[in-house]
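1. need coordinates for the following:
(chains A, B and C)
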Amino acid sequence: MSGLLPSLGRAVLDIVGVVGAIGVLFGRILSRLVRLDLDGRQTLASLYRMGVKSLPIVIVTALFTGGIMVVQAAPTVERYGVQSLLGWGAGFGTLREVGPLLTALMISGRVGANNTAELGTMVVTEQFDGLRALAIDPLSFLIVPRFIGIVTTLFLSTVFADVLALFGAAFAGWPLLGVEPGVFFDGVTGGLLGVPDVVHGLVKSVAFGIGMALASSHFGIATSGGAPGVGRAVNATVVTTASFIFVLDYLVSFAIR
Amino acid sequence: MSDDLERPSRDASLDEMLGLSPGGADDGPSWFLAFTSELRETWSVVTRTLHFVIRGSPQPGAVATQLYEIGNRSMAFLCVSMGFIGMIFVYQAGIQMKRIIPEVSQLGSTYLELLVRDLAASICALMLATRVGAGIAAEIGSMVVTEQVDALRMCAADPIDYLVRPRFIASVIMTTVLTVVAGCVAFGTGMWTASAFFSINPRTFADASLVDGADVAVGLAKCLAYGAAIPLISARAGLAARGGSEGVGSATTRAVVNSSLAVIVLNFAISTLGYFLLG
Amino acid sequence: MIRLRSVVKSYERRVLSSLDLHVERGTLYGLVGPGAAGKSVVLKVIAGLVRPESGTVEVGETDVGRLDELGLAEHRKHVGMVFQNNALFDFMTVGENVAFPLRRLESLPEPEIQRRVTDRLARVGLPGFEARSPSGLSGGQKKRVAVARATVISAPVVLYDEPAAGLDPVSSQRLFDLLREEQRKAGNTVVMVSSDVDRLLTVTDRVGVMHEGRVVFEGSTDLARESDHPVVRQFLRGELEGPL
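-> I've put the predicted structure just below:
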């Protein structure tokens, strides 16, 4: 028992430290964004790389997620005989919750971890210092472009995933519940779901993107201890990003009704 | 390090280790080949692990060590995450229920059914894919690139028997245990949310009337399937690590991504099977 | 005792091209050559860790290239190997590391296992290190544990991949002398790969020089030193000019 309280305390301090450092990083990124102080070519390169990397995963995840939503809703739909509401049910869950959440979690593995690994390797091979020695600001050159890349990628992927998931759901609903795609999409577009639901999901995706970009960049820059340090940093990123996603999900859900 | 050979992304000796015959170069779209050979190697890991589960050499304490590793590493993280999920889900569901049928008394029972049948297992598994999957891939991957796996083979210790088997058994057990615990946490926070935001009496909320044997069976099947898939996929990724710590890093990423994808695909498959077979 | 004939192995490029190698029983054979010439691969082929695409690999009476997994496991009972990076199992103590091959490859009573471990560790100059963890050891100490582990089963064939890599000159020479003494005492067949050509040549009976995937010279140590072969001469003397 004696070890529990100190280690708990240490854990709390660690978390506070990380959150604080990330806050500072966010501030520095924002100040550069506002001044448009960033490297255009790096930004475009980031966007391309991250988008391409995420595409196959987003497609597979979205299609299967659509199917899962239908299968989960199936017992309830059958029980109450509300086939026409399947589109609404699946759409609601997808747009507001599952779409942004799963997309972010899956992309975090690829893009987030990769970002940390790249930055971390640059740090331990002293490329970061090299940039500074050349009077290039590492933040504008490396971090801000990746920040934009990650947030944009997550946003666009969520949109794409939402659409794909709905299609996946529509075509799962047919054989499973005998709900024709036409009826399904009527349920989606008929009055119960509206623009606010879509916006709700998209705001979340942007928030997740910011969280992911900040966490991955922070742990990348703060890497120390050679090659094993990079591994530890990647691990920290994945865990922190997932935590961020859940916390932000909670905050946004309750903030926007 | 002198004589550092450039190792390719697929080492034929991995094939030998897994008991596959080294393939020659075929014609065909390369990504498709890569995908099928991934499947083939993963399947080989699966069959060999199962073989050693039944016929492996005795390793006192190996499974217990792994149980501790997995449980210790993930329990807190899982409970906190599931706690949040519980709150979010109940809140969102409550709002929507009120929009359609201004009656929320069924919120608790519907939530519990969904939790048992799907949510607890699947979300926990996605989290575990991250923690446990990355951990296994990193451990095994480091051992591969520091030639410890070769050293094991030199001592006639099959790496799959020695490294993968204890982690496999531990993961199947622990995934189920962690899911149950975290599921309870999620139910608890959901109950609190329902009470705080929709004034639902906790006793009304704690309604198990909709949960039947089929739900428990499906949920359990998912726990076992996820618990099996994550270590196998991650171990396979670790065994294929090449080229120093960068290789270990990319093996870790691959393990996390592929395990997560597997969870999603298995979720769909088991849910659909459950729906058709058990209603 | 060990004979490789026309062995071919490719990774992304051809590493071993029609390689011939012959090691006589009871000798210490040194394999040298420029970096990335494939020397480690040759050792792994002999150990059965890597299967050649074509050619034969004979160790004693056995054609190693044709063995299946079961046969390979049997083969490895007769081969000890020290890897470039030691490959000590970092989740076990030193004592457990050295005991590991004994437990896996032979069924001995526990007291006998402990006795052999203690004996081995004393022989490599690490008495009482049984309970230590590998991560706390110096480079030279780790190497010696690796040697202890490879030789504890008294295998007829022992393979050393860069045994002195990263060691200071004194420790390096000590290690080579130790390995030579071991080989003489046990009378087994040893193949040693090293970039430290000068020191290696002080302990070898025969030398093989690799270049571009083949063994271009094979002969006694004295012959090697006097050879006129351009590659051998350049490499053994560390000259800058020549085919390399």
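2. near chain C, which residues of the stretch 101-250 of chain B are found?
-> Near chain C, the residues belonging to the stretch 101-250 of chain B are B:146-148, B:150-157 when assessed by CB under 8 Å from any CB of the partner chain. (Each C-beta comes from the backbone N, C-alpha and C, glycine too.)
3. quick one: which of those residues is most hemmed in?
-> residue B:154 (30 neighbours; other CB atoms under 10 Å in any protein chain shown).
4. circling back to that earlier point, for the residues of the stretch 101-250 of chain B next to chain C, give me TSV that also has secondary structure and pLDDT.
-> TSV is the format used below for these (DSSP: H, G, I helix; E, B strand; the rest coil; pLDDT from 0 to 100):
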residue	secondary structure	pLDDT
B:146	coil	83
B:147	coil	86
B:148	helix	88
B:150	helix	89
B:151	helix	90
B:152	helix	89
B:153	helix	88
B:154	helix	87
B:155	coil	86
B:156	coil	81
B:157	coil	85
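5. my read is that residue A:216 contacts residue A:113, right?
-> Yes. Using CB atoms under 8 Å, residue A:216 and residue A:113 qualify as a contacting pair, with a distance of 7.4 Å.
6. more neighbours, the two?
-> Taking residue A:216 and residue A:113 together and counting by other CB under 10 Å, residue A:216 has the greater number of neighbours (32 against 28).
7. in chain C, which spans are helices?
-> In chain order, chain C shows helices spanning C:39-47, C:69-76, C:94-105, C:110-123, C:139-151, C:169-186, C:197-201, C:221-226, C:230-237, with DSSP state H as the criterion.
8. scratch that, chain A is what I was asking about
-> A:4-34, A:40-80, A:86-93, A:99-107, A:113-124, A:127-133, A:138, A:144-177, A:181-189, A:195-221, A:226-255.
9. how many other residues sit next to residue 180?
-> Looking at chain A here, since you left the chain open. Per other CB under 10 Å, the neighbour tally for residue A:180 reads 13.
10. hmm, no, I was thinking of chain C.
-> The number of residues packed around residue C:180, counting by other CB under 10 Å, is 17.
11. not counting sequence-adjacent ones, nearest residue to it?
-> Nearest non-adjacent residue to residue C:180, counting by CB to CB, 6 or more residues apart in numbering or on different chains: residue C:203, 4.0 Å away.
12. ramachandran angles for the closest residue to residue B:153 other than its chain neighbours?
-> The shortest distance from residue B:153 to any residue that is not its chain neighbour, by CB to CB, 6+ apart, is 6.2 Å, and that residue is residue C:49. Backbone torsions for residue C:49, taken as degrees, to the nearest 10, come to phi -80, psi -20.
13. for residue C:49, grab the count of nearby residues.
-> Other residues within reach of residue C:49, judged by other CB under 10 Å, total 23.
14. could you do residue B:207 as well?
-> For residue B:207, the tally of surrounding residues (other CB under 10 Å) stands at 17.
15. which residue does the stretch 51-200 of chain A have closest to chain C?
-> Using CB to the nearest CB, the closest approach of the stretch 51-200 of chain A to chain C is made by residue A:124 at 19.4 Å.
16. deepest of the helices of chain A, which one?
-> Between the helices of chain A, helix A:99-107 has the highest mean count of neighbours, a mean of 28, where neighbours are mean count of other CB atoms under 10 Å in any protein chain shown.
17. what about that one, near chain B?
-> Yes. With CB under 8 Å from any CB as the threshold, helix A:99-107 lies in contact with chain B, specifically through A:102, A:105-106.
18. angle of that helix against helix A:144-177?
-> What separates the directions of helix A:99-107 and helix A:144-177 is an angle of 120 degrees, with axes from the mean of the first three to the mean of the last three CA atoms, to 10 degrees.
19. now helix A:99-107: mean pLDDT?
-> Over the span of helix A:99-107, the pLDDT mean works out to 88.
20. quick one, that helix and helix A:86-93 angle?
-> Counting by the same axes, to 10 degrees, helix A:99-107 lies at 60 degrees to helix A:86-93.
21. so residue B:233 is in contact with residue B:257, correct?
-> No. Judged on CB under 8 Å, residue B:233 makes no contact with residue B:257 at a distance of 9.6 Å.
22. and for these two, which residues touch both?
-> When CB atoms under 8 Å, 6 or more residues apart in numbering or on different chains defines a contact, no residue borders residue B:233 and residue B:257 alike.
23. of these two, which one has the most company?
-> For the pair residue B:233 and residue B:257, the greater number of neighbours falls to residue B:233 (28 against 24), based on other CB under 10 Å.
24. how close does the more buried one sit to residue B:49?
-> When distances are taken as CB to CB, to the nearest Å, residue B:233 and residue B:49 turn out to be 11 Å apart.
25. what does the stretch 151-257 of chain A have sitting close to chain B?
-> With the criterion set to CB under 8 Å from any CB, the stretch 151-257 of chain A comes near chain B through A:176, A:192, A:227-228, A:230-231, A:234-235, A:238-239, A:242-243, A:246-247, A:249-250, A:253-254, A:257.
26. write out the residues of the stretch 1-150 of chain A neighbouring chain B.
-> Proximity of the stretch 1-150 of chain A to chain B (CB under 8 Å from any CB) is limited to residues A:57, A:60-61, A:64-65, A:67-68, A:71-72, A:74-76, A:85, A:92, A:96-97, A:102, A:105-106, A:109-110, A:113-114, A:117, A:121.
27. hmm, 6 Å instead?
-> Taking CB under 6 Å from any CB of the partner chain, the part of the stretch 1-150 of chain A that reaches chain B is made up of A:61, A:64, A:67-68, A:71-72, A:74, A:92, A:105-106, A:109-110, A:113, A:117.
28. can you redo those residues as CSV with distance to residue B:206?
-> Supplementary listing: those in CSV, determined by distance: CB to CB, whole Å:
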residue, distance to residue B:206
A:61, 33
A:64, 32
A:67, 31
A:68, 26
A:71, 26
A:72, 21
A:74, 25
A:92, 25
A:105, 29
A:106, 33
A:109, 36
A:110, 40
A:113, 39
A:117, 45
